[in-house]
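K.L.:
requesting a structural model of the entry that follows:
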Amino acid sequence: MRVLGLDLGTVTLGVAVSDALGMIARPLITLRFEHEDFQHAISQLLPIIKEQGAKTLVLGLPKHMNGSLGVSALRSQEFKRMLEEAADVEVVLVDERLSTVAAQRMMIESDLSRKKRKQVIDQMAAVQILQGYLDRK
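P.N.:
Have a look, this model is predicted:
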């Protein structure tokens, strides 16, 4: 059973997918939508969920370094609620602190150009979120 990893931004949604065994995450796509138009993001995501056969989605919860929740975390919680209403899936919130930093570091070490990094950063952050979840399972 495949699992999807999600990195939610205000205008993008990075999507990663696990292998069939649920062991390895890989980047899939970055969805784009108007500022905080999460309904549009979900309408783009639903066919991907169906195509991948995913029943579990792992959504990053951006906590502050002290563990408190800010505006971005509240946005993720609302997105989770909307997504669970729209699809028959379980959405698991996981701490995503430093996932984007780790993704950027990995891409810099891989010698990706700044332009290419900008194109795939959301997908790679989703990979970090999903891989962390898979490793803890």
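K.L.:
can we go C-alpha only for contacts and neighbour counts from here?
P.N.:
OK.
K.L.:
what's the neighbour count on P27?
P.N.:
Around P27 sit 22 other residues, with neighbours defined as other CA atoms under 10 Å.
K.L.:
E36 now?
P.N.:
E36 sits with 15 neighbouring residues when counted by other CA under 10 Å.
K.L.:
pLDDT value on the nearest residue to it once chain neighbours are set aside, please?
P.N.:
Residue nearest to E36 in three dimensions, not counting chain neighbours: T10, with 5.0 Å by CA to CA, 6 or more residues apart in numbering. The per-residue pLDDT reported for T10 equals 94.
K.L.:
surely T10 is within a helix?
P.N.:
No - read with DSSP: H, G, I helix; E, B strand; the rest coil, T10 is coil and lies in no helix.
K.L.:
is it true that A54 touches M1?
P.N.:
Yes - contact criterion CA atoms under 8 Å: A54 and M1 qualify, at 6.6 Å.
K.L.:
so which of these two has more stuff around it?
P.N.:
Counting neighbours by other CA under 10 Å for A54 and for M1 shows that A54 has the greater number, 18 against 12.
K.L.:
how near is the more buried one to L130?
P.N.:
Distance of A54 to L130, computed by CA to CA, to the nearest Å: 13 Å.
K.L.:
quick check: neighbours shared by the two?
P.N.:
V3, L4 (CA atoms under 8 Å, 6 or more residues apart in numbering).
K.L.:
helices of this protein, residue ranges please.
P.N.:
Using DSSP state H, the helices assigned to the chain run over residues 38-52, 71-86, 99-109, 114-136.
K.L.:
can I get the ones you listed in TSV with mean neighbour count?
P.N.:
Below are the helices of the chain laid out as TSV (neighbours: other CA atoms under 10 Å):
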stretch	mean neighbour count
helix 38-52	15
helix 71-86	16
helix 99-109	16
helix 114-136	21
